[in-house]
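S.K.: any chance you could fold what I've pasted below:
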Amino acid sequence: MSSAKKKVIISACILGEYCRYDGKTKEIPTVMKAFEGWEVIPFCPEAPLFGTPRERIDVVLVDGQKHILTHEGKKDVTELLRKEIESFCKAHPKADAIVLKSKSPSCGYGTTPLLDEKGKEIAKDNGIAADIFLKNYPDTPIKSENDYL
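M.R.: A predicted model of the protein is given here:
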């Protein structure tokens, strides 16, 4: 029997890190309590790339494809984020659970606003990290912080 701790990837803002676009945190102690005794792997693809605070980003449908655009500047940062997230997955190839921040353009799992090119919400969808995690961790349950409130 292995004594290795189970591993959980958790959005860093839920863990209390000040990494959100607005420089704040969304700490949720019940999430940490749920994973006491686990190896916790904090995750935020935006902060290392863009700093904190930073311009907000949105998930926008452009020519039928999801793109991540800065809110005001409309700069496409999809590829930057994709590379950052893929690099994270390679560095952490195994996870027993994943908890992502709902509504986040990076981390939202079925809760992120999907906008049209005029900025109107047309659906709820996944953020870019949730989509990549589904491919890289196909057998790992993904939840949001709302499942622990």
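
S.K.: on contacts alone, who are the packing partners of the longest helix that the chain contains?
M.R.: In terms of residue count, the longest helix belonging to the chain (DSSP state H) is helix 78-91. In terms of contacts (3 or more Cβ pairs under 8 Å, 6 or more residues apart in numbering; DSSP states H and E), helix 78-91 is packed against helix 46-50, strand 65-70, helix 128-136. Heads up, the C-betas are built off the backbone N, CA and C, glycines and all.

S.K.: mind listing the strands for the chain?
M.R.: Taking DSSP state E as the criterion, the chain carries its strands at 7-11, 39-43, 57-62, 65-70, 97-100, 112-115, 121-125, 142-144.

S.K.: can you lay out those strands as CSV showing mean neighbour count?
M.R.: As requested, the strands of the chain are exported to CSV (neighbours: other Cβ atoms under 10 Å):
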stretch, mean neighbour count
strand 7-11, 24
strand 39-43, 18
strand 57-62, 19
strand 65-70, 18
strand 97-100, 24
strand 112-115, 21
strand 121-125, 13
strand 142-144, 19
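
S.K.: of all the ones you listed, which one is nearest Thr30?
M.R.: Across these, Thr30 has its closest neighbour in strand 97-100 (10.6 Å, Cβ to Cβ).
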